[in-house]
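# got a predicted structure here, sequence first:
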Amino acid sequence: MLAACDHNRTQIIARRDGVDYVECLDCRQIFEAEDLEPVVVEEEEE
């Protein structure tokens with residue numbers, strides 16, 4: 001069984017209509033760049 005790739009090594013391969021597409025250099029999968037950016041979740045204090 002293959003281990004899941006963390007997509008740590010990427011390169012931009014295209015930009016179209018304001019969207020960057022990146023390729024993982026390890027597993028060769030292609031993503032929209034925004035899919036790889038960490039999402040910051042802020043907890044709201046009550």
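Structure received.

# use CA for all of it now, contacts and neighbours both
Noted.

# quick one, helices of the protein?
Listed in chain order, the chain contains no helices at all (DSSP state H).

# any low-confidence regions in it?
Within the chain, the ranges that satisfy pLDDT under 70 run 1-2, 37-46.

# the same query, at a cut-off of 90, please.
With pLDDT under 90 as the threshold, the chain has low-confidence stretches at 1-8, 19, 31, 33-46.

# all strands for it, in order.
10-16, 19-24, 30-32 (DSSP state E).

# nearest to A3, of those strands?
strand 19-24 (14.6 Å; Cα to Cα).

# for the closest one, packing partners?
In terms of contacts (3 or more Cα pairs under 8 Å, 6 or more residues apart in numbering; DSSP states H and E), strand 19-24 is packed against strand 10-16, strand 30-32.

# can you list the buried residues in the first one?
Yep, that's strand 10-16 we're talking about. For strand 10-16, the neighbour count (16 or more other Cα atoms under 10 Å) marks T10 as buried.

# parallel or antiparallel, which strands does that strand pair with?
strand 19-24 (antiparallel) (DSSP bridges).

# repeat that for the shortest one.
Looking at strand 30-32 with DSSP bridges, its partner strands are strand 19-24 (antiparallel).

# returning to that earlier point: can I get the strands of the chain in CSV with distance to A4?
Shown next, in CSV, are these (distance: least, Cα to Cα, whole Å):
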stretch, distance to A4
strand 10-16, 15
strand 19-24, 12
strand 30-32, 15
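
# hang on, isn't T10 packed against D20?
No: T10 is not in contact with D20 according to Cα atoms under 8 Å; the separation is 11.8 Å.

# the most centrally placed residue in the chain and H7, how far apart?
The centroid of the chain falls nearest to L36 when counting by Cα atoms, centre = their mean (2.0 Å). Distance, L36 to H7, using Cα to Cα, to the nearest Å: 8 Å.

# do the same with A33
11 Å.

# now swap in R28 and tell me
The spacing between R28 and H7, counted by Cα to Cα, is 9 Å.

# more neighbours: which of those two?
H7 (17 against 12; other Cα atoms under 10 Å).

# name the nearest residue to that one, sequence neighbours excluded.
Nearest residue to H7, sequence neighbours excluded (Cα to Cα, 6 or more residues apart in numbering): C24, at 5.5 Å.
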